[in-house]
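Participant: Everything below, folded, please.
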Amino acid sequence: RITLVAPEPVFTYRPLMVAEPFSAGAPRLDLDALTGRRGIGRHSGPVTAVDPTRRLIRTGNGEELRYDMLVVASGASRRRARPGSLTLGDPVDVPAIRRLIGDLESGRCRAAAFIVPARRAWALPVYEVALLAAARAERAGAEVELTVVTPERVPLEILGGRASRAIGELLRQRGVAFRGSTFPLAVEAGGLLTVPGRPVPADAVVSAPELTAATLPGLPTEARGFVPADEFGRVDGRDDLYVVGEASAEHVGHGGIAAQQAETAASAIAALIDPALAPRPFRPVLRAAVLAGDEPLYV
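Facilitator: Okay, here's the model as predicted:
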């Protein structure tokens, strides 16, 4: 018997939220319909705490739900990285980013910065929005100054050399400047303050969100507040408790990695049920489709 405990009625596919300012909506799945088709129960209360010793979770309405095995995918909290910036993936900022794209096309906005605020932030959407904005401005014949500002030494450093060079070439073709090994400090009128280096000219700043731990009371955490796990996703070596996705200390903010973590945990649980099955340890492979204005770049 499987139960999904999730307070939201709809699952939104976050990787494609980056396209919403460009009039392409992210896929959304009705959780009741999805779980109903699979014979999975659903509980809509928010989880407020975990008690691993008694094997139960507590919900916001005071219920206690018992489990034999628990997979925690509580995610991370997203917050605005810098006051005055627009945050990617925040539904509140989608209209403002859409207006910014229109202003770049029309020439009302001449300069914009796209920032990766910290090393833990997932950088891909920043590059995608910069490239998509550049493509729109180019088609409209507008002359704009767009800059990606990031602590990374090279574009999308985490994806390795070949992918980084390909992204760098896309930036060059689109006329998007790259400021690597640079930390964005603050947004001020007409620019972005950085360390090191001079301010970046910007009438607007678009940023990836900062991720902070949103872990549940009762779970062990490391210094940053995320939950450590072994190569099978097990927490504290327990066969009855697993963590996947952004709540995990091993996560890098990528949906494909979360899916691979989930598959690893599922294989470990299946092996406990059927000894003929072998659990598959977590061996992450980063794959991404970079939205760049024409055909996606697969890396």
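
Participant: what's the longest helix in this structure?
Facilitator: helix 255-273 (DSSP state H).

Participant: ok, and what's touching that helix?
Facilitator: Residues outside helix 255-273 that contact it (Cβ atoms under 8 Å, 6 or more residues apart in numbering): 13-15, 69, 71, 73, 231-234, 239, 242, 244-246, 248, 250-251, 277-282, 284-288. C-betas here are computed from N, CA, C, even on glycine.

Participant: what comes up buried for it?
Facilitator: Counting neighbours by 16 or more other Cβ atoms under 10 Å, one finds that the buried residues in helix 255-273 are 257-258, 260-262, 264-269, 271.

Participant: Now flag whichever of those residues is closest to residue 212.
Facilitator: residue 258 (17.1 Å; Cβ to Cβ).

Participant: so what pLDDT did that closest one get?
Facilitator: At residue 258 the predicted local confidence, pLDDT, stands at 91.

Participant: For the residue most central in space within the chain, which residues are in contact?
Facilitator: In the chain, the centroid-proximal residue (Cα atoms, centre = their mean) is residue 253; its distance is 4.4 Å. Contacts here follow Cβ under 8 Å, 6+ apart; on that basis residue 253 touches 76, 120-122, 211, 246.

Participant: Throw together a PyMOL command that grabs the buried residues out of the residues you listed.
Facilitator: The following PyMOL line selects those of the contacts of residue 253 that are buried, judged by 16+ other Cβ under 10 Å:
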select buried, resi 76+120+121+122+211+246
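
Participant: hmm, which two among the contacts of residue 253 are most spread apart?
Facilitator: 121 and 246 (11.4 Å).

Participant: returning to what we had before: just the ones of the contacts of residue 253 in helices?
Facilitator: Short answer: the contacts of residue 253 have none in helices (DSSP H).

Participant: Pick out the lowest-pLDDT one from the contacts of residue 253.
Facilitator: Among the contacts of residue 253, residue 120 has the weakest pLDDT, 70.

Participant: Once you drop chain neighbours, what's closest to it?
Facilitator: Once flanking residues are discounted, residue 120 sits nearest to residue 211: 6.0 Å by Cβ to Cβ, 6 or more residues apart in numbering.

Participant: my guess is that neighbour meets residue 76, correct?
Facilitator: Yes - Residue 211 lies in contact with residue 76 (Cβ atoms under 8 Å); the separation is 4.2 Å.

Participant: Need the overlap of contacts for the two.
Facilitator: 246, 253.

Participant: Give me the PyMOL select line for the contacts of helix 255-273, limited to the buried ones.
Facilitator: The buried residues among the contacts of helix 255-273 can be selected in PyMOL (16+ other Cβ under 10 Å) with this line:
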select buried, resi 14+15+69+71+73+232+233+234+242+244+245+246+248+250+251+279+280+282+286+288
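
Participant: Please convert the buried residues of helix 255-273 to JSON lines, extending it with distance to residue 28.
Facilitator: Output for the buried residues of helix 255-273, formatted as JSON lines (distance: Cβ to Cβ, whole Å):
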{"residue": "257", "distance to residue 28": "22"}
{"residue": "258", "distance to residue 28": "17"}
{"residue": "260", "distance to residue 28": "23"}
{"residue": "261", "distance to residue 28": "22"}
{"residue": "262", "distance to residue 28": "19"}
{"residue": "264", "distance to residue 28": "26"}
{"residue": "265", "distance to residue 28": "25"}
{"residue": "266", "distance to residue 28": "24"}
{"residue": "267", "distance to residue 28": "28"}
{"residue": "268", "distance to residue 28": "30"}
{"residue": "269", "distance to residue 28": "28"}
{"residue": "271", "distance to residue 28": "33"}
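
Participant: Please identify which of those is nearest to residue 181.
Facilitator: residue 257 (24.4 Å).

Participant: where's that closest one relative to residue 286, distance?
Facilitator: Residue 257 is 7 Å from residue 286, where distance means Cβ to Cβ, to the nearest Å.

Participant: cool, and residue 78?
Facilitator: Taken as Cβ to Cβ, the span from residue 78 to residue 286 is 21 Å.

Participant: And residue 244, by the same measure?
Facilitator: 16 Å.

Participant: likewise residue 298?
Facilitator: In terms of Cβ to Cβ, residue 298 sits 12 Å off from residue 286.

Participant: try residue 213
Facilitator: 22 Å.

Participant: What of residue 21?
Facilitator: 25 Å.

Participant: Okay, helices next: where are they in the protein?
Facilitator: Under DSSP H, the chain gives helices at 31-38, 94-106, 124-140, 161-174, 255-273.

Participant: Could you list every helix and strand in contact with the third one?
Facilitator: Based on contacts counted as 3 or more Cβ pairs under 8 Å, 6 or more residues apart in numbering; DSSP states H and E, the elements that helix 124-140 packs against are helix 94-106, strand 111-115, strand 145-149, helix 161-174, strand 176-179, strand 204-207, strand 289-290.
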